[in-house]
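In: Sharing a sequence plus its predicted fold:
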Amino acid sequence: MNSWGKIAVACRIGQKPDGEFFRCWTRLMLGGLRDGDRVLTPAIEMPCHYAADCLAKGFLNTDADTLLFIDDDMVFNNKNLNMLRDDEDGLQYDVIMGLCQSRKPPHRPLILEPNPNGAGFLVPSAPPEDKIVDVGVVGLGFTLIRRKVFEAMEEPYFYWGEKGDSEDAMFSMAATKLGFKLGVNTRVVIGHRFPVIVEWDFKENGLAYESNGRANK
């Protein structure tokens, strides 16, 4: 696989999108997409798993090669998508996410590496710099998923597990069982706003908090 091909951009909106996200989204729509890319109608006011499933089905009805999920509280710029889709090291993956921090304190990096003893996942206190990390679970904050992953699965693609596992975890574990490769690209740093923005700062080797967005950077 030498590219992610044509990308369909998808977003789930619960009640209303964050204002900083909307600014980033607008700039992406106006100048961040390439010929052949598609934009799906956002799924609004639906349970999160149902919204994700509806968007996945809508994506499969297009001619796009890859689905890009962006959550409605992410802060990003157009360079982030370019870097995620153009990074040659990432082309070996079937699902890849930019580096996001969790919304809840202590805002740890969303890097869930398989535990060698087979019990759950390991989450580092600090992400490794300038690399792609193999993971067992990805979120849907800023995430590319190849068409072939959905085509290999049975519906529904996203659902909550009986033990309380989230829709993105259930999807990820199903994809892993089918042999697909999941990763997090720490070269692509995405902000998470709640309503301040939290992201990892490699220069300071710690969390950075901002009240304004990075869309102009």
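Out: The structure has been received and is ready for your questions.

In: where does the chain have low pLDDT?
Out: Counting by pLDDT under 70, the ranges of the chain that qualify are 1, 118-119, 212-217.

In: need the strands for it, in chain order.
Out: Assigned strands in the chain, in chain order: 7-13, 38-39, 43-44, 66-71, 74-75, 95-99, 113-114, 121-122, 132-134, 142-146, 182-189, 191-193, 197-201, 206-210 (criterion: DSSP state E).

In: what's near enough to touch Tyr157?
Out: Tyr157 sits next to 52-53, 56, 150, 171, 174 when contact means Cβ atoms under 8 Å, 6 or more residues apart in numbering. For every residue, glycine as well, the C-beta is placed using N, CA and C.

In: One more pass at 7 Å, please.
Out: 53, 56, 150, 171 (Cβ atoms under 7 Å, 6 or more residues apart in numbering).

In: likewise Glu113?
Out: Glu113 sits next to 121-122, 133-136 when contact means Cβ under 7 Å, 6+ apart.

In: for Phe202, same thing?
Out: Glu129.

In: Ile44 too?
Out: Contacts for Ile44 (Cβ under 7 Å, 6+ apart) come out as Ile13.

In: let's go with 10 Å and repeat that
Out: Ile44 makes contacts with 11-17, 51, 72, as judged by Cβ atoms under 10 Å, 6 or more residues apart in numbering.

In: From those residues, list just the buried residues.
Out: 11-13, 17, 51, 72 (16 or more other Cβ atoms under 10 Å).

In: ok, these vs Val189, which is closest?
Out: Asp72 (18.6 Å; Cβ to Cβ).

In: Does the closest one touch His192 like I think?
Out: No: using Cβ atoms under 10 Å, Asp72 is not in contact with His192, being 11.3 Å away.

In: For Gly141, see how far away the residue lying farthest from the centre of the chain is.
Out: Distance to the chain centre peaks in the chain at Asn117, reaching 26.6 Å (criterion: Cα atoms, centre = their mean). Distance of Asn117 to Gly141, computed by Cβ to Cβ, to the nearest Å: 28 Å.

In: what sits in contact with each of Asp72 and His192?
Out: Joint contacts of Asp72 and His192 (Cβ under 10 Å, 6+ apart) are 18, 141.

In: ok, back up a step: the buried ones among the contacts of Ile44: which two are farthest apart?
Out: Pro17 and Ala51 (13.0 Å).
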